[in-house]
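Trainee: what shape does this take:
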Amino acid sequence: MHQLIDSHAHLEELENLDSAIDRAKQNGVVAIVAVGSDYESNNRVLEIAGKYRGFVYPALGLHPGILNKAASSLERQIQFIEDHLDQAVAIGEVGLDYHKRALSGTSKDHQHQVFRTLLALGQQHRKPVIIHSRYAWRDSFALTKGAGVELAVFHWYTGPSNVLKEILDAGYFVSATLAAEYHAEHRRAVKEAPLDRLLLETDCPVVYQGHRSEPADVTRSLQAAAHVKGLPADVVAEKTTQNALLLFGIAGP
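Mentor: Prediction:
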């Protein structure tokens, strides 16, 4: 059985967390990075990490898609992240989202302002940043690089190859999800990324082709990434796990 790390999971959204954690362990998962999206989920992520200490590691974030709902409490939410960063392995999920639904509630300029603030926290506290960049790949990279952030992962990357090359040249990571089974742009990114710049994730409980995902499904992310790259699964498993341990400063199993 492979030792795997789910580097991006929304554990607070799972219906039966205890069962999902058990299934993950039974499928070789040795660690999960639980990402937050807002004040409530950040609180919950810290609680979950406390319950599953040494297995679940918290990341504290502010998702660009919810900034319109967080407008009245934005300063409090950012302050909470800063106040609790000593308990977290990363800042995330943060970034930019140029999908029309996100832009209908929050302008690009406002997203940029918040993202810059969070990137500055990452740079100041030497924490890796987990970046959401939907339809905003160039701007997400430019702001991250411009902030002097040294450690970052562009999760579920589906953008163009030229931006991907700059991301990789900067020493940043990308992550492979279950979408590597079928999504052309994501499959191309996974194929083009060198193995020493690749992580595995589920983004659970996102639904993939009718399947509501959970951390145990990182085994499918592994198989899809190995197939796309034409490498043995054990090689991909070993290297992506090592990458995640180093990036997030997690002790090995």
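
Trainee: make it CA atoms for all contacts and neighbour counts henceforth
Mentor: Fine.

Trainee: how far does stretch 165-180 sit from its chain's centre?
Mentor: 11 Å (CA atoms, centre = their mean, to the nearest Å).

Trainee: count of neighbours near Met1?
Mentor: When counting by other CA atoms under 10 Å, one arrives at 10 neighbours for Met1.

Trainee: can you tell me the closest non-neighbouring residue to it?
Mentor: Among residues not flanking Met1 along the chain, Gly28 sits closest, at 5.9 Å (CA to CA, 6 or more residues apart in numbering).

Trainee: ok, now Val228?
Mentor: Per CA to CA, 6+ apart, closest to Val228 is Lys191, 5.8 Å.

Trainee: for that neighbour, pull up the helix or strand it's in.
Mentor: Per DSSP states H and E: Lys191 is located in helix 184-192.

Trainee: okay, helices next: where are they in the stretch 1-150 of the chain?
Mentor: 17-26, 39-51, 74-83, 100-103, 108-125, 137-146 (DSSP state H, counting those that start in this stretch).

Trainee: for those helices, which one sits closest to Gln242?
Mentor: helix 17-26 (17.6 Å; CA to CA).

Trainee: CA atoms of that closest one as CSV?
Mentor: Extracted in CSV, the C-alpha atoms of helix 17-26 (Å, rounded to 0.1, in the frame of the first residue of the first chain):
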residue,chain,number,x,y,z
LEU,A,17,-15.8,12.8,9.2
ASP,A,18,-14.8,9.9,11.5
SER,A,19,-15.7,7.3,8.9
ALA,A,20,-13.9,9.2,6.1
ILE,A,21,-10.8,9.4,8.2
ASP,A,22,-10.9,5.7,8.9
ARG,A,23,-11.3,4.9,5.1
ALA,A,24,-8.4,7.3,4.3
LYS,A,25,-6.1,5.5,6.7
GLN,A,26,-7.2,2.1,5.4
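
Trainee: the spatially closest residue to Glu82 that is not a sequence neighbour and Phe115, how far apart?
Mentor: In this structure, Glu82 finds its nearest non-sequential neighbour in Leu121, 7.0 Å apart by CA to CA, 6+ apart. Going from Leu121 to Phe115 by CA to CA, to the nearest Å gives 10 Å.

Trainee: mind listing what's buried along stretch 237-245?
Mentor: By neighbour count with 16 or more other CA atoms under 10 Å, stretch 237-245 contains the buried residues Ala237, Lys239, Thr240, Thr241, Gln242, Asn243, Ala244, Leu245.

Trainee: okay, the residues you listed in a markdown table with pLDDT next?
Mentor: As requested, the buried residues of stretch 237-245 are exported to a markdown table (pLDDT from 0 to 100):
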| residue | pLDDT |
| --- | --- |
| Ala237 | 98 |
| Lys239 | 98 |
| Thr240 | 98 |
| Thr241 | 98 |
| Gln242 | 97 |
| Asn243 | 98 |
| Ala244 | 98 |
| Leu245 | 98 |
